[in-house]
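[1] Starting from these lines, generate the structure:
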Amino acid sequence: MDEAGTPTTEHPLGRALLIASAVFGAAYLIDGLGVEAPYPIDVVIKAAGIVLLAVYAGLHRRWLLAAGLALGAAGDVFLALQPSQVAAGIASFGLGHLVYVALFIGVWRREGRGGNAGAIAAVALAVFGVVMLILLQPHFGELRVAASVYNAVIIVMACLALIARSPKLAWIGALLFVASDTILALRMFAHVLPWAGPVVWISYYLGQAGIALGLSRDEPRAG
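    Got it, this is the predicted structure:
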């Protein structure tokens, strides 16, 4: 991510974008808890919070990051459509994670590897990803290939975030994204955890926000 440095203080427009994004994120959470907005307004509410994070990244001239967030917003739209376009949603999110992979590789090249704790956590996460893939394989059906590839991409993304000397918000965001998608996969394919819809959204939104904030404000470290 060899892009221009971010300002040391937050731009007023940046603060406004973050507040507006959080408002839309909270609104969609409320929508999921039973105060439902009519379709397709609920789709707009769902995507708007992430779109605003993409605009925030663009404000900081993090264009590749903005593209990754925009792909996530597109994935949100595909999954929220009636009927849901699951394959298209998986593809959009997968492409977004490939963008994040490129960004975390950039952090690694520029800042170097983090500590041993991050590497150990990455190994543990990789093992977790393999175990979840094995457990969910019988439930993927016709989406077996797409879901398996997606699993690999998001785990690689999060492992790179842990291994590289990434900003704390960014690697925490990556882990929250993995947590969200794990719960979502269990709900969508294995039909368990029916109560966990709000947890999926909260961890997903905070994950995207963590990546957006961490990588938008990331500046080269001295030395």
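[2] in the longest helix along the chain, what's buried?
    Using DSSP state H to define each element, the chain has its longest helix at helix 86-111. Neighbour-count burial for helix 86-111, counted by 16 or more other CB atoms under 10 Å, picks out 86, 88-104, 106-108. Any C-beta I mention is one placed from the backbone N, CA and C, and that applies to glycine too.
[3] which other helices and strands contact it?
    Judged by 3 or more CB pairs under 8 Å, 6 or more residues apart in numbering; DSSP states H and E, helix 86-111 is in contact with helix 63-80, helix 144-163, helix 168-189, helix 197-216.
[4] Could you identify the helix or strand that succeeds that helix?
    Downstream of helix 86-111, the next assigned helix or strand under DSSP states H and E is helix 116-136.
[5] list the contacts for the residue nearest to W108 when sequence neighbours are not counted?
    For W108, the nearest residue in space outside its immediate sequence neighbours is A164; the separation is 3.7 Å by CB to CB, 6 or more residues apart in numbering. Going by CB atoms under 8 Å, 6 or more residues apart in numbering, A164 touches F104, I105, V107, W108, E111, G112, R113, G114, G118.
[6] right, and the third one touches R165 too?
    Yes - at 6.7 Å, V107 and R165 qualify as touching, with contact defined as CB atoms under 8 Å.
[7] still on that earlier bit, gap between the residue nearest to W108 and M132?
    23 Å (CB to CB, to the nearest Å).
[8] cool, and A147?
    Separation of A147 from M132 (CB to CB) stands at 11 Å.
[9] Let me know how buried the closest residue to L98 other than its chain neighbours is, in neighbour terms.
    In space, and not counting its chain neighbours, L98 is closest to V153: 6.2 Å by CB to CB, 6+ apart. Residues near V153, counting by other CB atoms under 10 Å, number 19.
[10] you'd agree V153 is up against V99?
    No - checked against CB under 8 Å, the pair V153 and V99 is beyond contact range at 10.5 Å.
[11] for the protein, which spans come out with low pLDDT?
    Within the chain, the ranges that satisfy pLDDT under 70 run 1-9, 219-223.
[12] Touching, V101 and A158? I think so.
    No - the pair V101 / A158 is not scored as a contact, 9.7 Å apart, by CB under 8 Å.
[13] residues in contact with G141?
    Contacts for G141 (CB under 8 Å, 6+ apart) come out as F189.
[14] what do you get for I105?
    I105 is in contact with L160, A164, counting by CB under 8 Å, 6+ apart.
[15] Same question for L176.
    S203, Y204, L206, G207, G210.
[16] Return the closest of these with respect to L143.
    If you rank the contacts of L176 by distance to L143 using CB to CB, Y204 comes first, at 19.0 Å.
[17] and the closest one, how far is that from R113?
    Per CB to CB, Y204 is found 28 Å from R113.
[18] for V131, same thing?
    In this view, V131 and R113 are 25 Å apart by CB to CB.
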